[in-house]
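Undergrad: coords please:
(one chain, ligands or ions: 1)
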Amino acid sequence: MGRAELVENLNKALSYELAGIIQYSQHSYLVTGKDREVFKDFFRDMAEEAQKHAEVVGDKVVALGGIPTVEPAMIRQSVNIDEMLKQGLELEREAITAYMAAWAACDDNDLPQKFWLEGQIADEQMHIEELEKLTSERTAKAGAEKIVLREIS
Ligand SMILES: [Fe+2]
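TA: The predicted model follows:
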C-alpha cells in the first residue's frame, strides 16, 4: 500500500466523475417526451454532483502530491430513458469500486483519508440505491407479503 496506489485509485475515481459530468449532461439534453419533465433536471443534478465530486477529488490528488487526470472514463450514450438510467447505474458502480479501492490503499492509521473516503463512498451508495430503484433493480421485498390491498366499500 502507499500513497502512489491511493493517488492512482483517486485518479480512477476522478475519471469516473469526469465521465459523469459529460454523460449525465448529454442525457439531460437528449431526454425527450414526458420523461423530460422529470429527468432533464434529474440528470442535470447528477452532472452537478459529479462536478462537485470531481473538484474535491482533484484537489485531494494534488494534496497527496499527484497530478489529477484529465481523461474521463468511458461515456455511455443513449436516447432511451431506461437505458440512460441503466448506464448511470453502471457508472456509479464503477465509481464506488474506485473509491473503495482508494480506501483499501490507505495506510491503516491514515484515518483522515479513510474518513473522507467513507463519506464519498456513502454518497455514491445513495446514488446507486436511487438508480437501482429507478431501474427497478431494487424493490421492497422484506415484509412485502404483509401488504394487503384494502377494498373500498
Ligand atoms: Fe460521485
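Undergrad: Residue 9 versus the most centrally placed residue in the chain, what's the distance?
TA: If you average the C-alpha coordinates of the chain and look for the closest C-alpha using CA atoms, centre = their mean, you land on residue 92, 3.2 Å from that point. Going from residue 92 to residue 9 by CB to CB, to the nearest Å gives 16 Å. For glycine as for every other residue, the C-beta is placed from the backbone atoms N, C-alpha and C.
Undergrad: if we can go back for a sec, contacting residues for the residue nearest to the centre of the chain?
TA: If a contact means CB atoms under 8 Å, 6 or more residues apart in numbering, then residue 92 has 20, 124, 127-128, 131 as its contacts.
Undergrad: Find the helix or strand that residue 133 is a member of.
TA: Under the assignment given by DSSP states H and E, the secondary-structure element containing residue 133 is helix 111-134.
Undergrad: which SS class is residue 19?
TA: Reducing the assignment at residue 19 to three states with DSSP: H, G, I helix; E, B strand; the rest coil gives helix.
Undergrad: Let me know how buried it is, in neighbour terms.
TA: A total of 21 residues lie near residue 19 under the criterion other CB atoms under 10 Å.
Undergrad: does it really touch residue 77, like I thought?
TA: No: assessed by CB atoms under 8 Å, residue 19 is found out of contact with residue 77, at 11.2 Å.
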